[in-house]
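J.: what shape does this take:
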Amino acid sequence: MRFQADGGREKRQDAVRSWKIWWARNRERHPVEWLIEALRSHDDHRRQAAYIDLKRITKGLFVFDAYATASRRQEAIRNIEAWWTKNKVMFLGRDAPL
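T.: Predicted coordinates for the structure are as follows:
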């Protein structure tokens with residue numbers, strides 16, 4: 001749910017509650033994990049923005065086309081997840097260079 005400052009009081013409160021629930025579930029996750037999850041988004045622009053940040057972090061190690069077919073995107077995501085599983089130790093304990 002998106003927060004809309006000019007929305008009604010109930011909509012704003014619902015958005016804040018949703019955010020609190022999301023944060024409680026995700027605060028322990030590393031930002032790289034959020035970006036990998038965003039690659040699965042149904043929004044082409046969100047996928048592309050996540051890829052740009054991941055590309056910076058991985059120094060261009062992967063190619064991901066946000067507008068490719070679902071099967072090609074899934075293959076790229078599997079490769080990125082394998083990279084993350086192997087290399088996350090060097091990122092844990094510090095923020096991702098976003």
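
J.: what's around V63, how many residues?
T.: By other Cβ atoms under 10 Å, 11 other residues sit near V63. Glycine gets a C-beta too; all of them are placed from N, C-alpha and C.

J.: I'd assumed D65 was in contact with K55.
T.: No. Using Cβ atoms under 8 Å, K55 is not in contact with D65; the gap is 11.8 Å.

J.: who's more crowded, these two?
T.: Shown here are K55 and D65; by other Cβ under 10 Å, K55 has more neighbours (15 against 12).

J.: what's the distance between that one and V63?
T.: Separation of K55 from V63 (Cβ to Cβ, to the nearest Å) stands at 9 Å.

J.: list the contacts of the residue nearest the centre of the chain.
T.: Note on the chain: the residue nearest the mean C-alpha position is L35, at 2.4 Å, using Cα atoms, centre = their mean. Contacts for L35 (Cβ atoms under 8 Å, 6 or more residues apart in numbering) come out as A50, D53, L54, I57, A96.

J.: please pull up the helix or strand immediately following the lowest-mean-pLDDT helix or strand in the chain.
T.: Across the helices and strands of the chain, mean confidence by mean pLDDT, DSSP states H and E is lowest for helix 9-26: a mean of 78. Once helix 9-26 ends, the next helix or strand along the chain (criterion: DSSP states H and E) is helix 31-38.

J.: in whichever helix or strand comes after that following helix, what's buried?
T.: Remark: after helix 31-38, the chain's next helix or strand is helix 44-57, criterion DSSP H and E. Within helix 44-57, the residues that count as buried by 16 or more other Cβ atoms under 10 Å are R47, Q48, A50, Y51, D53, L54, I57.

J.: isn't the second one right next to A66, touching?
T.: Yes. Q48 sits in contact with A66 when judged by Cβ under 8 Å, with a separation of 3.9 Å.

J.: helix, strand or coil: sort out G60 for me.
T.: Look at G60: counting by DSSP: H, G, I helix; E, B strand; the rest coil, its state is coil.

J.: how close does it get to L92?
T.: Going from G60 to L92 by Cβ to Cβ gives 22 Å.
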